[in-house]
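**Q** Sequence isn't available, so here's the structure alone:
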Ligand SMILES: NC(=O)c1ccc[n+]([C@@H]2O[C@H](COP(=O)([O-])OP(=O)(O)OC[C@H]3O[C@@H](n4cnc5c(N)ncnc54)[C@H](OP(=O)(O)O)[C@@H]3O)[C@@H](O)[C@H]2O)c1
């Protein structure tokens, strides 16, 4: 049978294209039909509805915006749900709350289906080059069925145990990313507003132990005030909220994350939700300039 892929957004389109260009026979669907055309050109079958994907595929990848989109596609809460998932393995690759995923796991298994979480670390560029990192969780047999299929999309995958451990792992990694990029941005602002040579700040950073793939990607964007999107501030705010909620649920302190949460809220309120996450610079500058006026 074909492998199914539903959700051809910023991430899903290049991921599905990498599958289509490998030896995998795939059938795809996207709410906005025009986004499936590059897949058709690459030899994939394009379904007329999600139900057609579930009818034709045993394993179905979902790369959708959020839980509401997933519920709509799965027909959750309607009689179609059991028909869609029974005898299928549903693979959740997007980012939702761990609690949502835990409930979906239970619903799918109760309806006779298999369920695997496979959230990914990496943004559009690694998606295009098949260099995403996947975290996997679910029943062992289902995970083993899905893992080899990830090859064209991901250069590494880690098995994290039962659901929702993969999403908790994804949120843990994102907690580090969000606090790291916000810290880099604040450091840049500090250097910049002291009148230091911005280029030299980057050179010093690059030469030392704090240099990383992320700093090498984000520091030049700060220097050039290049806010073209790699990971949108609005999506970072969503992830920030998911992490904060998961922390509150366990009564965990997350002091750095909470400050970032406020700053990304301010970034979006200032109108930069569609800009890259380094646009958090605007929120920090606004705090500085606001304080200066008082
Ligand atoms: N972008 C990143 O860097 C990144 C990295 C890792 C993980 N993620 C996560 O991966 C997921 C997808 O991200 P993305 O950047 O690809 O998002 P995106 O570009 O906004 O794509 C969202 C997809 O969901 C579909 N969708 C939304 N609402 C729907 C509904 N009610 N019914 C059916 N389909 C619906 C969209 O269809 P249309 O085309 O019709 O709108 C589109 O295919 C998100 O959970 C995100 O947090 C993103």
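**A** The structure has been received and is ready for your questions. This is a predicted model, so every value here is computed, not measured.

**Q** Tell me how many other residues crowd the closest residue to the ligand within the chain.
**A** The ligand sits closest to residue 9 of the chain, with a gap of 1.9 Å, by C-beta to the nearest ligand atom. C-betas here are computed from N, CA, C, even on glycine. Residue 9 has 18 neighbours, counted by other C-beta atoms under 10 Å.

**Q** Likewise for residue 94?
**A** By other C-beta under 10 Å, the residues close to residue 94 number 24.

**Q** The ligand contacts on the chain?
**A** 7-12, 30-32, 35, 63-66, 68-69, 72-73, 94-95, 120, 123-124, 231, 235 (C-beta under 6 Å from any ligand atom).

**Q** please redo it, this time with the cut-off set to 8 Å
**A** Counting by C-beta under 8 Å from any ligand atom, the positions of the chain adjacent to the ligand are 6-13, 30-32, 35, 50, 63-66, 68-69, 72-73, 93-96, 119-124, 127, 132, 170, 230-232, 235, 238-239.

**Q** Looking at these, which are in strands?
**A** Counting by DSSP state E, the residues of the chain next to the ligand place 6, 120-121, 132 in strands.

**Q** still on that earlier bit, can you tell me which of the residues of the chain next to the ligand are buried?
**A** Among those, those classed as buried by neighbour count (16 or more other C-beta atoms under 10 Å) are 6-13, 30-31, 35, 50, 63-65, 69, 73, 93-96, 119-124, 127, 132, 170, 231-232, 235, 238-239.

**Q** Who are the contact partners of the residue lying closest to residue 127 once chain neighbours are set aside?
**A** The shortest distance from residue 127 to any non-neighbouring residue, by C-beta to C-beta, 6 or more residues apart in numbering, is to residue 14 (4.4 Å). Residue 14 is in contact with 124, 127-128, counting by C-beta atoms under 8 Å, 6 or more residues apart in numbering.

**Q** Of those residues, which belong to helices?
**A** 124, 127-128 (DSSP state H).

**Q** What is the nearest of the ones in strands among the residues of the chain next to the ligand to residue 217?
**A** Closest approach between these and residue 217, by C-beta to C-beta: residue 121, at 13.8 Å.
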